[in-house]
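[1] structural data only, the sequence is not supplied:
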Ligand code: ADP
């Protein structure tokens, strides 16, 4: 990541810099040469006009023209050759070709009225211009001015500029590199610390420590989500540990009681039959309790394992509720708890009968278990075009607000002693929630401590695969 950022910074900084330097230098050179060409061309024009009124082209004698030619060649440090229409060299500022004939393709072309664009030879740094000498009136081409000028001065300015630009670019590149190194470090530091924290936690040190990063929004969010996840994992781990100790404790308690009961029977001689019966009844109760815990555990494991294994049939939900209530009424009667059933309409829905019965039974059993003597439990059934709703309210002890989020967790019990007393395993609501979710439904709890609780269940009428 850091290397990547570094590379991006450098590419973003150095590439445009080099590009602009290159473009700048070339533009300068082009512009300087064009300026030179137009200056020479205008001088050539003046010179060519002078030839109109002079006999120089025929006689080769006119000091004014001669001086002008020499001056021009001096100014631009170049060579000027003048030929007449017969290609005879009238004047050569280098005095090499005078009197000779200059037979060059471009000169002939120029004399015959052809194209005379300047040639810039980049290799030798020479500029060659051929300018026709035209008669003002007859427009006849009387000769040509051939000018060769060096562009080395421009080149040397360009070279010194280039050296300077390279120097600046290098300094800037170093600055960009230092800046990029520093900032990529700052940007990746929080990520590195996230990684380090994760590594530390993976190694098993300090799960509670979490990650704390401030400053960068996105990374802050990552660390928050991560902490959230760790918290959940921590909770799961705690609940798993609690589960293991709970299960062993729960499973051991009935066995210990059974052993105590059996031992005391064995130790007594001539035990009356009534006492035998009484003790055996107690033993049966303990066995039932053991059985319940094992069954609850098994149904939970089974639900987890066979999440997709639903036996869906169209069920009359009114009948299903009535059956459950019929089975639970005797238990409620023991505490003198009234069970009220309200059905607003007949409801037929696609459900897994066994699983849903288990889920709803758990809710009603809880409403009875965590109730007061002479209390009430109200079960109501309603539906709209999409869902059916089961509402289970009770007049019981209620659930403290801080516990309401946790009651659906496995083995969570608000009051462990009371739950055990009433045969609770802490698994009931976990099973219920699981089943409702498998039906693509939802469950919500509203409760006030000391006043009672209401569980609202919502399940689609048609099973959604
Ligand atoms: P348990 O086997 O202990 O009843 P559940 O999973 O069914 O386990 O319930 C979890 C805990 O939620 C219970 O121990 C109890 O503290 C609380 N609880 C559940 N239903 C009710 C209710 N209707 N009124 C008050 N407390 C409830």
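    Happy to help now that I have it. No experiment lies behind these values; they were computed from the predicted model shown.
[2] list the contacts for the residue lying closest to residue 361 once chain neighbours are set aside?
    Leaving aside its sequence neighbours, residue 361 sits nearest to residue 324 (Cβ to Cβ, 6 or more residues apart in numbering; 5.2 Å). Placement of C-beta: from N, CA and C, glycine included. Each residue near residue 324 by Cβ atoms under 8 Å, 6 or more residues apart in numbering is listed here: 357, 360-361, 364.
[3] spatially nearest residue to residue 185, not counting backbone neighbours?
    That would be residue 2: by Cβ to Cβ, 6+ apart, it lies 6.8 Å from residue 185.
[4] touching, the one you found and residue 189? I think so.
    No: here residue 2 does not reach residue 189: they are 9.3 Å apart, not a contact under Cβ atoms under 8 Å.
[5] and stretch 325-342, how far from the chain's centre?
    Distance of stretch 325-342 from its chain centroid, counting by Cα atoms, centre = their mean, to the nearest Å, is 55 Å.
[6] and which of the contacts of residue 324 is nearest to the ligand?
    Nearest to the ligand among the contacts of residue 324: residue 364, at 9.1 Å, using Cβ to the nearest ligand atom.
[7] tell me which helix or strand the closest one sits in.
    For residue 364, the element it lies in under DSSP states H and E is helix 353-369.
[8] other residues contacting that helix?
    299, 303, 310-311, 313, 315, 320-321, 323-325, 327-328, 331-332, 335, 337, 339, 377, 379, 390, 392-394, 396, 422-424, 428-429, 431-432, 435-436, 438-439, 453, 455, 457, 459.
[9] considering only the residues you listed, which also neighbour the ligand?
    394, 396, 424, 428-429, 453 (Cβ under 6 Å from any ligand atom).
[10] need the residues you listed in JSON lines (columns: secondary structure and pLDDT).
    What follows is these, written out as JSON lines (DSSP: H, G, I helix; E, B strand; the rest coil; pLDDT from 0 to 100):
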{"residue": "394", "secondary structure": "strand", "pLDDT": "97"}
{"residue": "396", "secondary structure": "coil", "pLDDT": "93"}
{"residue": "424", "secondary structure": "coil", "pLDDT": "73"}
{"residue": "428", "secondary structure": "helix", "pLDDT": "89"}
{"residue": "429", "secondary structure": "helix", "pLDDT": "93"}
{"residue": "453", "secondary structure": "strand", "pLDDT": "96"}
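[11] what's the ChimeraX line that selects buried ones from the residues you listed?
    To isolate the buried subset of those in ChimeraX, counting by 16 or more other Cβ atoms under 10 Å, use the following:
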select :394,396,424,428,429,453
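[12] which one of the ones next to the ligand among the contacts of helix 353-369 sits closest to residue 223?
    Proximity of those to residue 223 (Cβ to Cβ) peaks at residue 429, which lies at 32.6 Å.
[13] thinking that closest one is in contact with residue 408, fair?
    Yes: counting by Cβ under 8 Å, residue 408 is a contact partner of residue 429 at 5.0 Å.
[14] how near is the residue of the chain most remote from its centre to residue 101?
    Going by Cα atoms, centre = their mean, the residue of the chain most distant from its centre is residue 59, 87.5 Å out. For residue 59, the distance to residue 101 equals 18 Å [Cβ to Cβ, to the nearest Å].
[15] the bottom helix or strand of the protein by mean pLDDT?
    Lowest on mean pLDDT, DSSP states H and E among the helices and strands of the chain sits helix 416-421, with a mean of 68.
[16] just the buried positions in the helix or strand harbouring residue 280, please.
    Assessed by DSSP H and E, residue 280 sits inside helix 273-305. Buried residues in helix 273-305, counted by 16+ other Cβ under 10 Å: 279, 283, 286, 289-290, 292-293, 296-297, 299-300, 303.
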